[in-house]
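[1] Fold the stuff below for me.
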Amino acid sequence: MRREPAGDVGRAKEMDETVSEFFRRTILKIPMTEMMTILKTWNVLSENQLQTVNFRQRKESLVQDLVLLCEENRASLKDAALLDIIYTQFHRHQKVWDVFQMSKGPGEDIDLFDMEQFKSSFKKILKRALKNALTIASKHHQIVKMDLRSRYLDSLKAIVFKQYNQTFETHNSTTPLQERSLGLDINMDSRIIHENKIEKERVQRVTQEIFGDYPQPRLEFAQYKLETKFKSDLNGGILAEREEPLRCLVKFSSPHLLEALKSLAPAGIADAPLSPLLTCIPNKGMNYFKIRDK
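    The predicted structure is shown next:
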């Protein structure tokens, strides 16, 4: 029988405690209302084991019972990571996701890689930096971070792959502005009514040409950084003498920014068409912009 050195035994015990702590922290952050659903999705603890657990006790005690079951099943660090991934999927809108663009070298065909082969290659080279692992395993030339962020993964995917003809989550506490009545009660003659009708039809047509007749992908903000030199015909002005450009930051925020922008002109809040800086967001795949003097 081979005897493990004392140091190795100590390290193994420490690793077990580390894994148990990982389980404890992950389970602790799962809301009680979602606990059973997430654990069943995880599928590491059996149905019979879950039935032995009292889910009405204090959460700290519940977490301890679940961690003991994980230890009983010899759940691994991989299982702990999977549980954390499942929890993140349930709460993916609580994080802001960055988008990266993958590209191949000049002259190389852009094709879809085999996912099974990708998984195999990725595991073999995971010990390298994550970015390098993704690049090599997917057989791409480079990965570049895009100026696009959101909490909504489905919307990010729709923007990147130009898949707009789908249903996105809406902010249920808001109503599209074009559906609201402005509550104006004004007596107008027939000519004014006719002109207003023509203008309204023009605005609706222009809005549809720009935004389409499909639901907009969901973004929460668009940010614009402006750098410009101060221009003045007056001599001796302090701002005109500045060598450094003037910098300012403008940020538009909304629970559903693109739908809000789409609603502005029909509601009479803005002229149609809107500025290209606002309407180009889906086409350019950006919601972070830097504007500099030419």
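[2] now the helices for the chain?
    Counting by DSSP state H, one finds helices in the chain at the ranges 6-28, 32-42, 47-51, 59-72, 77-90, 115-124, 130-137, 153-160, 190-211, 257-264, 276-279, 281-284.
[3] just those helices: most buried one?
    Highest mean neighbour count of those: helix 257-264, a mean of 22 (counted as mean count of other Cβ atoms under 10 Å). Every residue, glycine included, has its C-beta placed from N, CA and C.
[4] Could you list the low-pLDDT ranges of this structure?
    With pLDDT under 70 as the threshold, the chain has low-confidence stretches at 1-15, 105-113, 122, 125-131, 165-192, 194, 230-242.
[5] try 80
    With pLDDT under 80 as the threshold, the chain has low-confidence stretches at 1-16, 95, 100-143, 164-195, 229-245, 293-294.
[6] Can you give me the domain assignment for it?
    Taking automatic domain parsing as the domain assignment, the record places the domains of the chain at 6-90, 97-151, 177-292.
[7] Of those, give the one that comes closest to Ala158.
    Closest to Ala158 of the domains of the chain is domain 177-292 (Cβ to Cβ; 4.6 Å).
[8] number of nearby residues for the residue nearest to Lys145 when sequence neighbours are not counted?
    Residue nearest to Lys145 in three dimensions, not counting chain neighbours: Phe100, with 5.4 Å by Cβ to Cβ, 6 or more residues apart in numbering. Here the neighbour count serves as a burial measure; for Phe100 (other Cβ atoms under 10 Å) it reads 14.
[9] What of Gln94?
    Residues within reach of Gln94, counting by other Cβ under 10 Å, total 8.
[10] Tell me the bridge partners for Lys290.
    Lys225 (DSSP bridges).
[11] Surely it is in contact with Gln223?
    No. Applying Cβ atoms under 8 Å, one finds Lys290 not in contact with Gln223, separated by 9.5 Å.
[12] When these two are compared, which one has more neighbours?
    Neighbour comparison, Lys290 and Gln223: the larger count goes to Gln223, with 16 against 11 (by other Cβ under 10 Å).
[13] for the residue nearest to Lys145, what are its contacts?
    Neighbour list for Phe100: Ile143, Val144, Lys145, Met146 [criterion: Cβ atoms under 8 Å, 6 or more residues apart in numbering].
[14] now the domains of the chain as CSV including distance to Val160?
    Rendered in CSV, the data for the domains of the chain read as follows (distance: least, Cβ to Cβ, whole Å):
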stretch, distance to Val160
domain 6-90, 19
domain 97-151, 6
domain 177-292, 6
